[in-house]
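[1] please work out how this folds:
(one chain, ligands or ions: 2)
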Amino acid sequence: MLQKTLIVLKPDAVKRNIVGELISRFEKVGLHLQAMKMIQPTEEHLYDHYETIGQLASRRGEEILKINTDFMRSGPVIAMVREGVEAIEVVRKMVGSTEPKSALPGTIRGDYSHLSFGYTDKNNAWLTNLVHASATPEEAEKEVSLWFAQAEIYDHEMEAHQFKRGHKKSH
Ligand code: CDP
Ligand code: MG
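    Ligands and ions are numbered 1, 2, ... in the order given. Okay, here's the model as predicted:
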């Protein structure tokens, strides 16, 4: 099933100047770019994103919600909408697990970071894990409309549609 998903390259990705490298990973697997912008999200926007939609405080505690909001306000981010077959699951697979220490090699978090929850808690450090990606279809739908107006999303055709079975050869 074709799905749209929200990807946000976090302030650490922008500051480390690896935005192009990370975007190219999503391009290589064929996920179709439908919207993209650089913004510095407000506290209210992040509350809607992480708590109203993502329920971070109930999942991980009030303190984590606050710490993570401060981290996400530490610089501009790049937000994207990409579309593809089962895109939500595919992008989560590419991003890897939340804790970089546990994220597998080959995933973005596993390849570009290594911090552990234990370390960031003990040292009062941000869990700089580079990318946000929608976790479920419900989350994706709400997040895409929180970050982008309908008019900013370009619903153009995926190339994969050109490879339908039974498609006639052109010569
Ligand atoms: O981002 P993901 O969906 O993998 O995880 P989450 O449980 O939705 O948490 C959202 C974000 O909160 C994480 O990506 C981290 O940036 C942050 N977080 C944190 O700073 N410290 C934790 N112990 C857990 C999450
Ligand atoms: Mg999440």
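[2] so where's this protein shaky on pLDDT?
    Flagging of the chain using pLDDT under 70 yields the residue ranges 160-161, 167-171.
[3] residues of it that sit close to ligand 1?
    Listed as neighbours of ligand 1 in the chain under the rule C-beta under 6 Å from any ligand atom: 54, 56, 59-60, 64, 67-68, 98, 117, 127, 129, 132, 135. Every C-beta, even on glycine, is put in place using the N, C-alpha and C of the backbone.
[4] for ChimeraX, write a command that selects the buried ones of those.
    What follows is the ChimeraX syntax for the buried subset of the residues of the chain next to ligand 1, where burial is set by 16 or more other C-beta atoms under 10 Å:
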select :54,56,60,64,67,68,127,129,132,135
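[5] farthest pair within the residues of the chain next to ligand 1?
    Using C-beta to C-beta, the residues of the chain next to ligand 1 span at most 19.3 Å, a distance reached by Ile67 and Ala135.
[6] what's the closest non-adjacent residue to Gly158?
    Careful, residue 158 is Met and not Gly. Counting by C-beta to C-beta, 6 or more residues apart in numbering, the nearest residue to Met158 once its immediate chain neighbours are dropped is His32, at 4.9 Å.
[7] do the same with Val85
    For Val85, ignoring the flanking residues on the chain, the nearest one in space by C-beta to C-beta, 6+ apart is Leu2 at 6.1 Å.
[8] hmm, Arg82 and the one you found touching each other?
    No. When contacts are counted by C-beta atoms under 8 Å, Leu2 is not listed as touching Arg82 (11.1 Å).
[9] the more surrounded of these two?
    Set side by side, Leu2 and Arg82 show unequal neighbour counts under other C-beta atoms under 10 Å, the larger going to Arg82 at 25 against 12.
[10] show me what the host helix or strand of the more buried one is in contact with.
    For Arg82, the enclosing helix or strand under DSSP states H and E is strand 77-85. The set of residues external to strand 77-85 that reach it, using C-beta atoms under 8 Å, 6 or more residues apart in numbering, is 1-11, 13-14, 19, 23, 26, 29-41, 90-91, 144, 147-148, 153, 158, 160.
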